[in-house]
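Colleague: make a model of this:
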Amino acid sequence: MRQFTRRQRGQGMVEYLIIVALVAVAAIAVYQSFGQVIRNQTAAMAKELAGEDGSEQTQQAQSAASAAAAQGAAKSLKSFTGNAQ
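Modeller: Reported below is the predicted structural model:
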């Protein structure tokens with residue numbers, strides 16, 4: 001009976017690790033697509049909070065978002081590594 005309990009615990013741990021790995025891969029893919037947008041939006045907010053004009057960073061974020069949307073629409077398995085430079 002003890003051996004059965006150990007196997008169940010091991011199976012639960014493996015399932016948990018698989019789910020964590022899938023979430024990590026998804027997060028990396030989203031950050032790769034929208035990373036520049038997030039950085040520019042954060043820079044714009046920091047400038048605005050400091051009392052400066054953050055419109056340049058906001059415009060850069062909009063441009064990066066448009067580029068990411070275009071890349072997302074054109075993605076296929078052939079062009080999946082298009083962001084790697």
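Colleague: what kind of secondary structure is residue 46 in?
Modeller: helix (DSSP: H, G, I helix; E, B strand; the rest coil).
Colleague: separation between the closest residue to it other than its chain neighbours and residue 24?
Modeller: Nearest in space to residue 46, with sequence neighbours left out and distances taken as CB to CB, 6 or more residues apart in numbering, is residue 54 at 7.6 Å. Just so you know, the C-beta spots here come from the backbone N, C-alpha and C atoms, and that holds for glycine as well. Distance, residue 54 to residue 24, using CB to CB, to the nearest Å: 31 Å.
Colleague: and these two? Which one has more around it.
Modeller: Each of residue 54 and residue 24 has its neighbours counted (other CB atoms under 10 Å); residue 54 has more, 18 against 10.
Colleague: contacting residues for that one?
Modeller: 43, 44, 45, 46, 47, 48 (CB atoms under 8 Å, 6 or more residues apart in numbering).
Colleague: repeat that with 10 Å
Modeller: Residues counted as contacts of residue 54 (CB atoms under 10 Å, 6 or more residues apart in numbering) are 40, 41, 43, 44, 45, 46, 47, 48, 61.
Colleague: and what of residue 63?
Modeller: 36, 37, 40.
Colleague: circling back to that earlier point, any idea how far the residue nearest to residue 46 is from residue 62?
Modeller: 12 Å.
Colleague: joint contacts of these two?
Modeller: Here residue 54 and residue 62 have 40, 41 as joint contacts, going by CB under 10 Å, 6+ apart.
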